[in-house]
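Student: Got a sequence here, can you model it:
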Amino acid sequence: MKGAPRSTQFDDIYFSAENGLEETAHVFLHGNDLPAAWQGRGQGEGQEQDQFTICETGFGTGLNFLSVWKLFEETAEETQTLDFISVEKYPLKAEEIKNSLAPWAEYFGLRIDILLEKYPLRIAGFHRVKINQQITLTLLIGDVAEELPRLEASVDCWFLDGFTPAKNPDMWNTEVFAQMARLSKEGASYATYTAAGDVRRGLAAAGFSVEKQKGFGHKRDMIAGCFKAPCHSVSSEAKRRSLVSSQVRSLGYARDDKVENSRANRKKIAIIGGGLAGTACAYTLKQYGFEPVIYEASDQLGHGASGNSVGLYNPRFSKLRDDLSNFFAPAYAQFVTTAKEAGGAVDYTPCGALHLMNTPEKTERFMSMVNHWQWHEDHLRVVDTKEASDIAGIPIEYEALYLPDSGYLSPKKLCEFYAQDVEVHFNRHIKNVNEIDADAVILACGAAVKNFDSLTWLPIESVRGQISALQETAHSRDLKCDIHYGGYVTPSREGVHMTGSTFEKWIDHLDVLEKDHGRNINTLQKNITFLKNEDFKAVSGRAGMRAATNDRFPVVGVVPNSSNTYVSTAFGSHGLVGSIAGAQYLADLLRGHASCMPSKTAYALSPQRFIDRAAKKGHALV
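Tutor: The predicted structure is shown next:
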């Protein structure tokens, strides 16, 4: 083919100029004995594998993934599943991928369009893309040497498809090979187009066999092989792997085939709570073939804080890329994709958001974020007062952080969207998980999770927040995007702005208070001085209780000392974004498959963290 796409970072082509599709088949499919490997004819296993995991270094245009996707659908049994994990430091735009794959549009059919519809925002982190009940893509955006150590998976097959070692040496070093060994099943295969000496020696030192094979096209050689056992040169890595794996097992992640198989038999999942956390779990679990059942104490979905008519979605901000951002940043990207799919059914309005740098602390934090979060400027950038004003449609006197993909929707309608075609039992006050006939139970009922004996010790609290619906004015109706300033205001919808929210730990009732309307209006006018003389009137309001922990991080994972009870709660004011990512992680724990969450982030989410902290201080929580 002519005009093969070329990387500007590495001055190298993404696939063979002769025929990229044939190169994929020769190097990666035939080199890894696919489809025989998942059909059980590879490596002498003699039986098909229910679940097969491929890990790729270099997603590029997605050509390899699409080829495997098509092959798997054509050759695997309906009961088999594929987890495809890929790392990409410089993700292409969706349009660039579409153009690169144009020669094979007919061959792949609708698969290219489906991939691009679900393609995540180009921001660093772990991104889960659910293709269908059989096939899952986990795209790790970032440097392979940084992302692989964060990964927990049990890999059957490797596609080593980084740019040539001469131009991209960081992709082909001993640390990467050691991580391959950590993540590989015994007998895991690999294949790569290169036969460079440093690559052969590095793989051999990490415990992989190395066999030269005929290369594709003009290339004389390529190499392939399989993982046998860690060698002495990586013994320290093997020790580290053992320590990390033991901690991860304590969080409920399984790399043992027997445990994975037992979890695969779990089908009926009871979910306690019909708010965002619970309905997001139902929505996600159904995509993986589970049978979720929701038990809600009230007579409607979204009865509590999840029942607002308008909710804004943003990641939770932190100065550095840390466990917090490694959860909330990909969660935000995932939510954007989910909201697009829901569309008008949830009043999805991607109007963008300006976060004002109205204090020195925010300025420092936001500038640090831009430098450390590794987001493409298409999704996050700092704008000056002129551009902020142009974006907002009204004068803004602060510099701001601009997120063009942000916006608002209806949390209440989103709960209903998530729970479509899901069995729901209303007015059910579950006091003991043993009351329920289910293979596993998820506690997703906010601070009420403490009502269950297994979580009475959890340091979680309820924080009251009130929102105010304000009648638009002659000047405010020009507002075009969400503005955040320590509070927030949305553009007018049907003549009404939504603004909020108060933060009151000391109030335990849900009465709507006039003084809180006044507080929301005062905060708005203090930070957007163009509107300071507007006579805003609150036409309605709503108060809700948000669940939060003392470390302000959600609680998602296995309930300690339990084999079949899980929890998803304490998302604070970021329930829209956090709940869908938490649901994906719980689905991975229930499946026993590759995790969509970095291992350190998974521990930071786990309720186990509180037990461990107390133990270090000599206290026992349970």
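
Student: Now do the contacts for R552.
Tutor: Contacts for R552 (C-beta atoms under 8 Å, 6 or more residues apart in numbering) come out as G572. C-beta: built from backbone N, CA, C; applies to glycine.

Student: The one 5 residues further on too?
Tutor: G557 sits next to L251, G252, Y566, V567, Y585, L586, L589, A602, L605, S606, P607, Q608 when contact means C-beta under 8 Å, 6+ apart.

Student: Next one: W506, what pLDDT does it get?
Tutor: On pLDDT, W506 comes in at 86.

Student: Distance of it relative to S462?
Tutor: Separation of W506 from S462 (C-beta to C-beta, to the nearest Å): 11 Å.

Student: Comparing those two, which shows the higher neighbour count?
Tutor: Between W506 and S462, counting by other C-beta atoms under 10 Å, S462 is the more crowded of the two (18 against 6).

Student: My guess is that one contacts M545. True?
Tutor: Yes - at 4.1 Å, S462 and M545 qualify as touching, with contact defined as C-beta atoms under 8 Å.

Student: which residues do those two both contact?
Tutor: The contact sets of S462 and M545 overlap at G446, A447 (C-beta under 8 Å, 6+ apart).

Student: Looking at neighbours, which among the contacts of G557 is most surrounded?
Tutor: Sorting these by how many neighbours each has (other C-beta under 10 Å) puts V567 first, at 31 neighbours.

Student: Got phi/psi on that one?
Tutor: phi -140, psi 150 (degrees, to the nearest 10).

Student: The residue lying closest to it once chain neighbours are set aside pairs with what?
Tutor: Nearest residue to V567, sequence neighbours excluded (C-beta to C-beta, 6 or more residues apart in numbering): L443, at 4.6 Å. Beta bridges link L443 to I272, V567 when assigned by DSSP bridges.

Student: burial count for L443?
Tutor: Residues within reach of L443, counting by other C-beta under 10 Å, total 28.

Student: what about the stretch 51-200 of the chain, any weak spots by pLDDT?
Tutor: 163, 167-168 (pLDDT under 70).

Student: ugh, wrong one, the chain
Tutor: Along the chain, segments meeting pLDDT under 70 span 1-18, 41-49, 163, 167-168, 229-265.

Student: Show me the domain layout of it.
Tutor: Listed domain ranges for the chain are 22-239, 263-349+408-459+550-622, 350-407+461-546 (source: automatic domain parsing).

Student: Can you say which of these is packed in most?
Tutor: Burial of the domains of the chain is given as mean neighbour count (mean count of other C-beta atoms under 10 Å); domain 263-349+408-459+550-622 ranks first at a mean of 21.

Student: Tell me which stretches of the stretch 451-600 of the chain form strands.
Tutor: Using DSSP state E, counting those that start in this stretch, the strands of the stretch 451-600 of the chain run over residues 460-471, 482-484, 488-489, 496-500, 538-549, 555-558, 565-569.

Student: which other residues reach the fourth one?
Tutor: By C-beta under 8 Å, 6+ apart, the surrounding residues in contact with strand 496-500 are 309-310, 408, 465-472, 476, 479, 487-491, 520-521, 524, 539.

Student: do you know how far L203 is from A195?
Tutor: Distance of L203 to A195, given as C-beta to C-beta: 11 Å.

Student: ignore the last one, I223
Tutor: Distance of I223 to A195, computed by C-beta to C-beta: 5 Å.

Student: and if you look at S67?
Tutor: Taken as C-beta to C-beta, the span from S67 to A195 is 22 Å.

Student: can you check S406 too?
Tutor: As judged by C-beta to C-beta, S406 and A195 stand 47 Å apart.

Student: residue contacts, the closest residue to G487 other than its chain neighbours?
Tutor: Leaving aside its chain neighbours, G487 sits nearest to T523 (4.2 Å; criterion: C-beta to C-beta, 6+ apart). Residues near T523 by C-beta under 8 Å, 6+ apart: Y485, G486, G487.

Student: what about 10 Å?
Tutor: Contact partners of T523, counting by C-beta atoms under 10 Å, 6 or more residues apart in numbering, are Y485, G486, G487, Y488, V489, T499, G500, S501, T502.

Student: and if you look at A400?
Tutor: When contacts are counted by C-beta under 10 Å, 6+ apart, A400 touches 353-358, 362, 366, 381-385, 387-389, 391-392, 481, 483-485.

Student: Please narrow those residues to those residing in helices.
Tutor: K362, F366, T385, E387, A388, S389, I391, A392 (DSSP state H).

Student: secondary structure element for the closest residue to D439 other than its chain neighbours?
Tutor: Nearest residue to D439, sequence neighbours excluded (C-beta to C-beta, 6+ apart): R266, at 3.9 Å. Assigned by DSSP states H and E, R266 belongs to no helix or strand.

Student: just the CA coordinates of stretch 21-33, formatted as PDB?
Tutor: Output of stretch 21-33 as PDB, limited to C-alpha atoms (Å, rounded to 0.1, in the frame of the first residue of the first chain):
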ATOM      1  CA  LEU A  21      -2.900  -6.100   7.400                       C
ATOM      2  CA  GLU A  22      -0.800  -8.900   6.000                       C
ATOM      3  CA  GLU A  23       2.100  -7.900   8.300                       C
ATOM      4  CA  THR A  24      -0.200  -8.200  11.300                       C
ATOM      5  CA  ALA A  25      -1.300 -11.600  10.200                       C
ATOM      6  CA  HIS A  26       2.200 -12.900   9.600                       C
ATOM      7  CA  VAL A  27       4.000 -11.400  12.600                       C
ATOM      8  CA  PHE A  28       1.400 -11.300  15.400                       C
ATOM      9  CA  LEU A  29      -1.400 -13.800  14.600                       C
ATOM     10  CA  HIS A  30       0.700 -16.600  13.000                       C
ATOM     11  CA  GLY A  31       3.700 -15.700  15.300                       C
ATOM     12  CA  ASN A  32       1.500 -16.400  18.300                       C
ATOM     13  CA  ASP A  33      -0.300 -19.400  16.800                       C
END
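
Student: where does that stretch sit relative to the chain's centre, distance-wise?
Tutor: Relative to its parent chain, stretch 21-33 has a centroid offset of 30 Å by C-alpha atoms, centre = their mean, to the nearest Å.

Student: do stretch 594-610 as well
Tutor: Centroid separation between stretch 594-610 and its chain, computed with C-alpha atoms, centre = their mean, is 13 Å.

Student: Start and end of stretch 429-445, how far apart?
Tutor: 11 Å (C-alpha to C-alpha, to the nearest Å).

Student: Minimum distance to Q300: which of the strands of the stretch 451-600 of the chain has it?
Tutor: Closest to Q300 of the strands of the stretch 451-600 of the chain is strand 538-549 (C-beta to C-beta; 13.7 Å).
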